[in-house]
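A.B. asks: here is a sequence together with a model predicted from it:
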Number of protein chains: 2
Amino acid sequence: MTELEKGPQGRRRGRGARERIISASQQLFREQGINRTGMDQLCAAAQVSKRTAYQHFTGKDELVAEYLRRFDPSVLPGVFDRTDLTPRERLLAAFDIPPTTPLCPYIGAAVELHDPQHPASQYARDYKKAVAARLADTAREAGATDPEQLGEQLALLIDGAAARTRVLNADAFPTAAAIAAVLIDNAIPATAGDDRRREEVSS
Amino acid sequence: MTELEKGPQGRRRGRGARERIISASQQLFREQGINRTGMDQLCAAAQVSKRTAYQHFTGKDELVAEYLRRFDPSVLPGVFDRTDLTPRERLLAAFDIPPTTPLCPYIGAAVELHDPQHPASQYARDYKKAVAARLADTAREAGATDPEQLGEQLALLIDGAAARTRVLNADAFPTAAAIAAVLIDNAIPATAGDDRRREEVSS
């Protein structure tokens, strides 16, 4: 909570009710899950009435979808837009996830919601396809023989690392990165690789 | 529900209250999730009083842990105990999951529970480690150079396929199986492979 949000007598200034509800959902959905967080608790955390909440969102389903849309709209921009890395290095950088990162919210939503037609499940699906497409674009740039296949494989590895990190309560991204390196080396012909790779081949 | 369970006037015969509660949990936890299934609903489905339910389980936490313990106690016996397959074929058979299979209940529990110290989360972790250990044993039998590493990698692929199948609402196990084949071929020296592999190399 920023200072701007705190007002005298418990009233809030600054951001409007809609943003406060979304902010509360971002905290509570990640900390305790979507299904364990009720509208009552969200309204209390956001300091809005339920009447106000339902003026902004038709219901919790719509709020859950909006919560997901607020994450990372440009698909891992910190990885794919880095100009200091070769395409091959960008593919590997997608696995450089800090161990403290919470579970991917799209996997969380898909697991919790149990309904592929829920608007949040549909958004999670679109997002996951967009990640695979960005990986495929980068694989194409790196010279992969079948960039669509490599993109889908790397996307599966990211999801596997996310799920396994949660189940084991231990960082599984290094294991996924090691597999990714094998797949990338297999998929990218030596002549299309980056400089380091060419040097290895020629030496 | 079997005929044995149905009695006149809504009373049940056959299996006892404990088994009926577990049976109801197996259906409801998978169909609608752990957090959306309350003890009231479980008791109604099992046709037991809440008093009876709490005589058998100290609470929902204990029931969730017991629900997970009832799955597949011998770790994919349909795969690892097959004597008609070579060790390499058994490793690949672990990815031969029918597309209608519901999400892995251990991933579901770990995602829903949000608490690594919950007895069910601990059991999910132990189960996932046991799967990786069985894969490593089979990798050792197949002659892998680093069986522990290959076992951990294949376990991550299974979890990735499970999570991604749920998020995409489309079967991701074929993608995982293709990656597994690459890793297995890389990890198992040609001389240690099965007959087909030796033929390929010698032809």
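C.D. replies: Everything's here; your move.
A.B. asks: got the contact list for the residue nearest to the spatial centre of chain A?
C.D. replies: Nearest residue to the geometric centre of chain A (Cα atoms, centre = their mean): residue A:104, 5.1 Å. The neighbours of residue A:104, taking Cβ atoms under 8 Å, 6 or more residues apart in numbering or on different chains as the test, are A:159, A:162. (C-beta placed from N, C-alpha, C; glycine too.)
A.B. asks: now with 10 Å, please.
C.D. replies: Neighbouring residues of residue A:104 by Cβ atoms under 10 Å, 6 or more residues apart in numbering or on different chains: A:71, A:97, A:110, A:124, A:127-128, A:131, A:158-159, A:161-163, A:165-166, B:111, B:163, B:167.
A.B. asks: check what pLDDT it gets.
C.D. replies: Listed pLDDT for residue A:104 reads 91.
A.B. asks: so what's the residue in chain A positioned nearest to chain B up against?
C.D. replies: Closest to chain B within chain A is residue A:160: 2.2 Å, counting by Cβ to the nearest Cβ. The neighbours of residue A:160, taking Cβ under 10 Å, 6+ apart as the test, are A:172-173, A:175-176, A:179, B:153, B:155-164, B:172, B:176, B:179.
A.B. asks: so which of those belong to helices?
C.D. replies: A:173, A:175-176, A:179, B:153, B:155-164, B:176, B:179 (DSSP state H).
A.B. asks: what's the burial count for residue A:55?
C.D. replies: 12 (other Cβ atoms under 10 Å in any protein chain shown).
A.B. asks: helix or strand right after the host helix or strand of it?
C.D. replies: Assigned by DSSP states H and E, residue A:55 belongs to helix A:50-56. Sequence-wise, the next helix or strand downstream of helix A:50-56 (DSSP H and E) is helix A:60-69.
A.B. asks: what helices or strands is that next one leaning on?
C.D. replies: When contacts are defined as 3 or more Cβ pairs under 10 Å, 6 or more residues apart in numbering or on different chains; DSSP states H and E, helix A:60-69 packs onto helix A:17-32, helix A:39-46, helix A:50-56, helix A:105-113, helix A:119-141.
A.B. asks: re the thing from before, can you select the buried ones from the contacts of residue A:160 in PyMOL?
C.D. replies: Here the buried members of the contacts of residue A:160 are turned into a PyMOL selection, burial being counted by 16 or more other Cβ atoms under 10 Å in any protein chain shown:
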select buried, (chain A and resi 172+173+175+176+179) or (chain B and resi 153+155+156+157+158+159+160+161+162+163+164+172+176+179)
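A.B. asks: before we move on, the earlier item: now do the helix holding residue A:55: distance to the chain's middle.
C.D. replies: Counting by Cα atoms, centre = their mean, to the nearest Å, helix A:50-56 is centred 28 Å from the centre of its parent chain.
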